[in-house]
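Visitor: no sequence on hand, only this structure:
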């Protein structure tokens, strides 16, 4: 089962859970994982994706340590046991 | 004002919301910031039934939303599904909520919103859920509307008055549009308003109107602050005539009208459009009491060395017996007048950029 790690700033939208484990399904993608999460946590989903389903500009999703925009974006395939990290961009300095 | 009344002043900035409260509009108790490190582009204080604060909130990372509070900011509620959200079939995403405007006293619960991308929304449950206005969203002019400096947005909504279904909006850029049927259909209403930056300086639409407001005495009389030009219409926007004579500059973002007295409006002139500063670096409000025929300069208590501007919603009036006038600058200062602008005092300074200001008398 893939694990989605929730950053502290978004835990208010996931009942303070820091990790969410999702049941395995066939042909999982990042998009389908966020669709699943949206059913239980719609506000969380809105913080990560906009109404078109696109990842928000300054939100980075790492799939097994790889930034998803370097893979196939939200259509990247997710294996059983994968780790999904959500990290906000840091700007300025 | 009796002793149980208080004025709430809500200040939205680039980095959060500050709430101030006062019984005399001279001495203020100021809250800690709410929604800290998030942008607050819009505020409404709805006193039609109790007191509900509504704010448009925007995080650079996590996107825009609307939240409300029924206890003067002690607690906030953000609807789980999102108060304003495009449908997947619209192929659009909300960028910012630029205007939250409660409807008239005759329709408590109705709240209108103006948003970026250019869209109008209506709530009938006090701002908890909004529905996209299809009449404007599907308008054939949409492909020709451009983006003003502040983004492509509806930034002003004038809801219907009692016994009317007339709604007006102002957008950047597109100008003024009016609906006679509660929002089902819309027509441009910009005749007389200049768009000097366009090939046709008097186009049907495409003007960069910055703010419109309704006269207190006659619902069909409107005032507009344009990107160059200050105008009045006496026929619901069918025709606009200039009322800029007597002002030190005809650029600005603010247009306020008195809640009860006909013919009274306030502007804050800015020298522009290349400079965008108070004329000569001296901040002043100008008030008309005769519908724009003449203007009175009001600068007592205001800095005579100030190069920051006041944005379109960064000014407000309250509804006290003697109306209060309030505004904030991009330099983070906030000023209040308890006497319709005759004299101002500083409420706060060194805030982040002030984007919007609202004030209202509330029972405490």
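Guide: Yes, it's here. As the structure is a computational prediction, the values presented were derived from the model and not from experiment. Residues are numbered from 1 along each chain as shown, chains lettered A, B, ... in the order given.
Visitor: where does the stretch 1-150 of chain B get nearest to chain A, residue-wise?
Guide: residue B:93 (3.6 Å; CB to the nearest CB). Where C-beta positions appear, they are placed from N, C-alpha and C, glycine not excepted.
Visitor: helix/strand/coil for that residue?
Guide: Here residue B:93 is coil, with the state taken from DSSP: H, G, I helix; E, B strand; the rest coil.
Visitor: nearest residue to it other than its sequence neighbours?
Guide: residue A:50 (3.6 Å; CB to CB, 6 or more residues apart in numbering or on different chains).
Visitor: cool, residue B:22 as well?
Guide: According to CB to CB, 6+ apart, the nearest residue to residue B:22 is residue B:28 (4.6 Å).
Visitor: so who does the one you found touch?
Guide: B:9, B:20-22, B:336, B:347-348 (CB atoms under 8 Å, 6 or more residues apart in numbering or on different chains).
Visitor: tell me the spacing between it and residue B:11.
Guide: Distance check for residue B:28 against residue B:11: by CB to CB, to the nearest Å, it reads 11 Å.
Visitor: what do these two both touch?
Guide: In contact with both residue B:28 and residue B:11: B:20, B:348, using CB under 8 Å, 6+ apart.
Visitor: quick one: stretch B:11-19 near chain A?
Guide: No. Between stretch B:11-19 and chain A, judged by CB under 8 Å from any CB of the partner chain, nothing touches; the nearest distance is 13.4 Å.
Visitor: and that stretch, how far out from the chain's middle?
Guide: Offset of stretch B:11-19 from its chain centre (CA atoms, centre = their mean, to the nearest Å): 15 Å.
Visitor: identify the residues contacting that stretch?
Guide: Under the contact criterion CB under 8 Å, 6+ apart, stretch B:11-19 has outside partners B:8-10, B:20, B:30-31, B:33-43, B:53, B:55-56, B:72-73, B:328, B:332, B:334, B:348, B:351-357.
Visitor: take those and keep only those in strands.
Guide: B:8-10, B:20, B:30, B:39-43, B:53, B:55-56, B:328, B:334, B:348, B:354-357 (DSSP state E).
Visitor: residue A:31 touches residue A:74, doesn't it?
Guide: Yes. The pair residue A:31 and residue A:74 qualifies as a contact (CB atoms under 8 Å) at a distance of 4.1 Å.
Visitor: those two - which one has more neighbours?
Guide: For residue A:31 versus residue A:74, the count of surrounding residues by other CB atoms under 10 Å in any protein chain shown is larger for residue A:74: 20 against 17.
Visitor: who touches the residue in chain A that chain B sits nearest to in this structure?
Guide: Nearest residue of chain A to chain B, counting by CB to the nearest CB: residue A:50, 3.6 Å away. Going by CB under 8 Å, 6+ apart, residue A:50 touches A:56, B:63, B:93-94.
Visitor: out of those residues, which is most surrounded?
Guide: Counting by other CB under 10 Å, top hit in the contacts of residue A:50: residue B:94 with 26 neighbours.
Visitor: how near is that residue to residue B:171?
Guide: Distance of residue B:94 to residue B:171, computed by CB to CB: 15 Å.
Visitor: what about the closest residue to residue B:221 other than its chain neighbours, how many residues close to it?
Guide: Take residue B:221 and drop its neighbours on the chain: the residue closest to it by CB to CB, 6+ apart is residue B:215, 3.7 Å away. Residue B:215: 21 surrounding residues under other CB under 10 Å.
Visitor: quick one: residues contacting residue B:215.
Guide: Applying CB under 8 Å, 6+ apart, we find residue B:215 in contact with B:221-223, B:257, B:262-263, B:265, B:291.
Visitor: spell out which parts of chain B neighbour chain A.
Guide: B:59-63, B:65, B:78, B:80-82, B:85-88, B:90-94.
Visitor: burial count for the closest residue to residue A:91 other than its chain neighbours?
Guide: Leaving aside its sequence neighbours, residue A:91 sits nearest to residue A:58 (CB to CB, 6+ apart; 7.4 Å). Other residues within reach of residue A:58, judged by other CB under 10 Å, total 14.
Visitor: who's residue 66 bridged to?
Guide: Using chain A here. residue A:63 (DSSP bridges).
Visitor: please go with chain B instead
Guide: residue B:56.
Visitor: can you check residue B:223 too?
Guide: Beta-bridge partners of residue B:223, as defined by DSSP bridges: residue B:213, residue B:232.
Visitor: wait, it touches residue B:257, no?
Guide: Yes. Residue B:223 is in contact with residue B:257 according to CB under 8 Å; the separation is 6.3 Å.
Visitor: name the residues contacting each of these two.
Guide: With CB under 8 Å, 6+ apart, residue B:223 and residue B:257 have common neighbours B:213-215, B:265.
Visitor: just to revisit the earlier point, now do the same for the residue nearest to residue B:22: its pLDDT.
Guide: We note a pLDDT of 97 for residue B:28 in this prediction.
Visitor: related to what we said a few turns ago, can you tell me which of the residues of chain B next to chain A are buried?
Guide: The neighbour count (16 or more other CB atoms under 10 Å in any protein chain shown) marks B:59, B:61-63, B:65, B:78, B:82, B:85-86, B:92-94 as buried among the residues of chain B next to chain A.
Visitor: quick one on the thing from earlier: from the contacts of residue B:28, which is closest to residue B:102?
Guide: Comparing the contacts of residue B:28 against residue B:102 with CB to CB picks out residue B:9 as the nearest, at 17.1 Å.
Visitor: neighbours around the closest one, how many?
Guide: By other CB under 10 Å, 26 other residues sit near residue B:9.
Visitor: what residues are bridge-paired with it?
Guide: residue B:20, residue B:359.
Visitor: what sits against it?
Guide: When contacts are counted by CB under 8 Å, 6+ apart, residue B:9 is found next to B:19-22, B:28, B:326, B:334, B:336, B:347, B:357-359.
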